[in-house]
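A.B. asks: Please find the sequence and the predicted model below.
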Amino acid sequence: MSDGVVAAEMRRRLEAAFAPSVLEIVDDSARHAGHAGARPGGESHFNLRIVSSAFEGLSRVERQRRINAALAELLAGPVHALSIKAETPSN
């Protein structure tokens, strides 16, 4: 399945910022239809799993802060909710 426009932009920004070895972006918008922030075309609610050595030595909170900063424009616009699982290759 190919990424939608928003997911593709998320992927581009995350790859540029963190050079991940694993990057999984799942559009979970269908499960949130009718809820706040849901858009008719989807791409409003995502689950993210990212594995990067760039997260070595960072707390879970700091990893999420850096991801949120990399995706700030998207989080202020089309992305209503983002569940993040950020790992290092060793965990």
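C.D. replies: Yep, that arrived. Residues are numbered from 1 along each chain as shown.

A.B. asks: helices or strands up against the longest helix along the chain?
C.D. replies: As assigned by DSSP state H, the longest helix anywhere in the chain is helix 5-18. In terms of contact count using 3 or more C-beta pairs under 8 Å, 6 or more residues apart in numbering; DSSP states H and E, helix 5-18 is assigned the packing partners strand 22-27, strand 45-51, helix 60-70, helix 72-75. Glycine gets a C-beta too; all of them are placed from N, C-alpha and C.

A.B. asks: Spit out the contact partners of Asp28.
C.D. replies: If a contact means C-beta atoms under 8 Å, 6 or more residues apart in numbering, then Asp28 has 45-47, 83 as its contacts.

A.B. asks: JSON lines please, covering the residues you listed and showing pLDDT and distance to Ile25.
C.D. replies: JSON lines is the format used below for the contacts of Asp28 (pLDDT from 0 to 100; distance: C-beta to C-beta, whole Å):
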{"residue": "His45", "pLDDT": "88", "distance to Ile25": "11"}
{"residue": "Phe46", "pLDDT": "93", "distance to Ile25": "6"}
{"residue": "Asn47", "pLDDT": "95", "distance to Ile25": "8"}
{"residue": "Ser83", "pLDDT": "96", "distance to Ile25": "11"}
